[in-house]
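What follows is a predicted structure for the sequence shown.
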Amino acid sequence: MRSPMIIVYIVTIQVVFGNKSFLQYLKNQANNLEKGLHSVIKGGEYSNNDHVAFSAYQSKAKSYKLHETWIHDKVLLNEGNAYNKVTGTFIAPSGGTYACTWCTLTDPWKTAHPYLRVNGHYKGFTAFNNSHTSQSVWSSGSNTIFVRLKKGDRVDIASGYLAAYARENWTSFSGWKIY
C-alpha cells in the first residue's frame, strides 16, 4: 500500500510535467527570484520599472499667486524619476491608478487654498483662511485623493482660490502608483 504523501507527489509531478504553461510560470518565478537575490548580494536595489513614488516638501516659505504651481523643491524620494523639483510637476511615466497627497501650513492672518491639478484641471481641494480672524493661529490642511492617470498626464499643486502663503518644511506633496 502506497502512503498518501507518495500519491500526492506522483499527482503533483504528473500535473507539473503535463502542464507546460505552469512550467513556464515556475521558470519565470525562478528567474525573478534569481535577479532579486543577485541584486541583494551586490547591495543594489531590485528595480521594477513600474514602481513610481515621490515625496517632496517646500524648503522656503513662499507666497503664490492664484493658479500658480507650488514648488516642492526638497525631494525625499523620486522612484521612477517622474517628479520635477524645478517645475513642481509630476508626469506619470505609465498609466494606472495613483494616490496623491499634500499638506500645507500657513501663518496667522494668511490664506492657503492648495488644489491638486491633473493636466490643469482641479481634482482635489483643501482650503483654510486666517485673514478674517483676530486670533494669531497657524492653520494647516491636507488631503489625499486617488486619480486615474494616463502616461504623460501632468499633476501638480496650485493655488485654486485667491493668493496663498505656504510655510517651509510643513508644505509637502507626495504620490505613488497603486496599480
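Ah, there it is.

what residues go with each domain of the protein?
Listed by automatic domain parsing, the domain ranges of the chain are 4-42, 53-177.

all strands in the chain, in order from the N-terminus.
For the chain, the strands defined by DSSP state E occupy 53-57, 62-64, 74-79, 83-84, 89-91, 96-106, 111-112, 114-118, 121-125, 128-129, 139-149, 154-159, 164-166, 172-177.

Including mean neighbour count, could those go into TSV?
Heads up, the C-betas are built off the backbone N, CA and C, glycines and all. Shown next, in TSV, are the strands of the chain (neighbours: other C-beta atoms under 10 Å):
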stretch	mean neighbour count
strand 53-57	19
strand 62-64	16
strand 74-79	14
strand 83-84	21
strand 89-91	20
strand 96-106	20
strand 111-112	24
strand 114-118	22
strand 121-125	14
strand 128-129	16
strand 139-149	15
strand 154-159	23
strand 164-166	24
strand 172-177	21
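
Let me have the ones you listed in JSON lines, adding mean pLDDT and distance to residue 24 as columns.
Shown next, in JSON lines, are these (pLDDT from 0 to 100; distance: least, C-beta to C-beta, whole Å):
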{"stretch": "strand 53-57", "mean pLDDT": "96", "distance to residue 24": "31"}
{"stretch": "strand 62-64", "mean pLDDT": "89", "distance to residue 24": "54"}
{"stretch": "strand 74-79", "mean pLDDT": "96", "distance to residue 24": "30"}
{"stretch": "strand 83-84", "mean pLDDT": "97", "distance to residue 24": "37"}
{"stretch": "strand 89-91", "mean pLDDT": "97", "distance to residue 24": "35"}
{"stretch": "strand 96-106", "mean pLDDT": "89", "distance to residue 24": "26"}
{"stretch": "strand 111-112", "mean pLDDT": "76", "distance to residue 24": "54"}
{"stretch": "strand 114-118", "mean pLDDT": "92", "distance to residue 24": "39"}
{"stretch": "strand 121-125", "mean pLDDT": "87", "distance to residue 24": "41"}
{"stretch": "strand 128-129", "mean pLDDT": "68", "distance to residue 24": "56"}
{"stretch": "strand 139-149", "mean pLDDT": "87", "distance to residue 24": "32"}
{"stretch": "strand 154-159", "mean pLDDT": "92", "distance to residue 24": "38"}
{"stretch": "strand 164-166", "mean pLDDT": "74", "distance to residue 24": "53"}
{"stretch": "strand 172-177", "mean pLDDT": "94", "distance to residue 24": "27"}
